[in-house]
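Engineer: Take a look and give me a structure for this.
(chains A and B)
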Protein chains: 2
Amino acid sequence: MSLPARLSLVTLGVSDIARARKFYESLGFTASGFESDSVVFFDMGGTALGLYGHDPLAEDAGVKPQGEGFRAVTLAINLASKADVDAGLAHAQKCGGTIVQSAREVFWGGYSGYFKDLDGHLWEVAYNPLCPLNENGLLTFPAPEKS
Amino acid sequence: MSLPARLSLVTLGVSDIARARKFYESLGFTASGFESDSVVFFDMGGTALGLYGHDPLAEDAGVKPQGEGFRAVTLAINLASKADVDAGLAHAQKCGGTIVQSAREVFWGGYSGYFKDLDGHLWEVAYNPLCPLNENGLLTFPAPEKS
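Structural biologist: Numbering: from 1, shown residues only, chains lettered A, B, ... in the order given. Coordinates of the predicted model:
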């Protein structure tokens, strides 16, 4: 037995589903239509993004809902150029996101910044020349160097 | 301007990259080969999973590294049957994961349980008859009901 390398769904716990949905729709995402008052899904091109109540999500996972500070998880949208990163972050800010890291050249050779959503979830917007996007916008990794 | 509905990368902050890598490899994931001592990527079929140091991830995002408790984010691997969910959770436990929610029938019509990884990141393993997996293992959403 092994688990398939598959990420079906990333679910974010949020305090107000309708407000969070509106924020992500304003970013440019389209809700799947498969939803209710208590859950919303966005098709992110293979992996889905879900919005669910913060406390119900903890309850579903069987853990306590209390938590604070850095969540040790970031989500990233990679774009095709530095200019796109600047425009993407500006758009997220206009939609109500908070820029926590302005876009800058980073040590690994790319260009990236971060915003947080209305519930504090961290999103990186990045240009990564080492991992180009394919025709479907999916990240591609270079082949390992031969040793 | 809008942001594309795209999830290029989900990065988990971990305390020990080598240990976390070994855990995810034991689950069944294959590292991309595009990596270093400080970062590892797994191709999850479109979206990549990254492992990066907990504190460096906070620093990259421009936020404080302190945090505790529920992170309000869960990742899910959907499988094709209840038996697969049971086997998947048992495998994760054998690999060193901790079951935080045993698999059970859930109110939305599926069957799911949760484990946490060595750093406390929550993974759901689920069977969802409402959103079947396509031939590539990707979640599909039913069309919205006409009103």
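Engineer: what does the lowest-mean-pLDDT helix or strand in chain A contact?
Structural biologist: The least trusted helix or strand in chain A, going by mean pLDDT, DSSP states H and E, turns out to be strand A:39-43, with a mean of 94. Residues outside strand A:39-43 that contact it (Cβ atoms under 8 Å, 6 or more residues apart in numbering or on different chains) are A:9, A:17, A:20-21, A:24, A:29-32, A:34-35, A:48-52, B:5, B:141. C-beta here means a position set from N, CA and C on the backbone, and glycine is covered the same way.
Engineer: Let me know the next secondary structure element after it.
Structural biologist: strand A:48-53 (DSSP states H and E).
Engineer: could you give the angle of the next helix-or-strand element following that following strand to strand A:39-43?
Structural biologist: The helix or strand immediately downstream of strand A:48-53 is helix A:54-61, counting by DSSP H and E. If you take axes from the mean of the first three to the mean of the last three Cα atoms, to 10 degrees, helix A:54-61 sits at 80 degrees to strand A:39-43.
Engineer: Give me the helices and strands touching helix A:54-61, please.
Structural biologist: Using 3 or more Cβ pairs under 8 Å, 6 or more residues apart in numbering or on different chains; DSSP states H and E, the elements in contact with helix A:54-61 are strand A:9-14, strand B:73-79, strand B:98-105, strand B:111-116, strand B:122-127.
Engineer: Take those strands and write them to TSV, including mean neighbour count and mean pLDDT.
Structural biologist: Output for the helices and strands packed on helix A:54-61, formatted as TSV (neighbours: other Cβ atoms under 10 Å in any protein chain shown; pLDDT from 0 to 100):
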stretch	mean neighbour count	mean pLDDT
strand A:9-14	23	97
strand B:73-79	24	97
strand B:98-105	15	97
strand B:111-116	23	98
strand B:122-127	25	97
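Engineer: So for residue A:134, which of those sits nearest?
Structural biologist: Ranking the helices and strands packed on helix A:54-61 by proximity to residue A:134 (Cβ to Cβ) places strand A:9-14 first, at 20.6 Å.
Engineer: Return the distance of the closest residue to residue A:78 other than its chain neighbours relative to residue A:54.
Structural biologist: With sequence-adjacent residues excluded and distances taken as Cβ to Cβ, 6 or more residues apart in numbering or on different chains, residue A:78 is closest to residue B:8, at 3.8 Å. Applying Cβ to Cβ, to the nearest Å, the value for residue B:8 to residue A:54 is 25 Å.
Engineer: For the two, indicate the residue with more neighbours.
Structural biologist: Set residue B:8 next to residue A:54 and count neighbours by other Cβ atoms under 10 Å in any protein chain shown: residue B:8 wins out with 26 against 18.
Engineer: right, and that one touches residue A:76 too?
Structural biologist: Yes: Residue B:8 is within contact range of residue A:76, at 4.9 Å (criterion: Cβ atoms under 8 Å).
Engineer: can you tell me which helix in chain A is longest?
Structural biologist: Identified as the longest helix of chain A according to DSSP state H is helix A:82-94.
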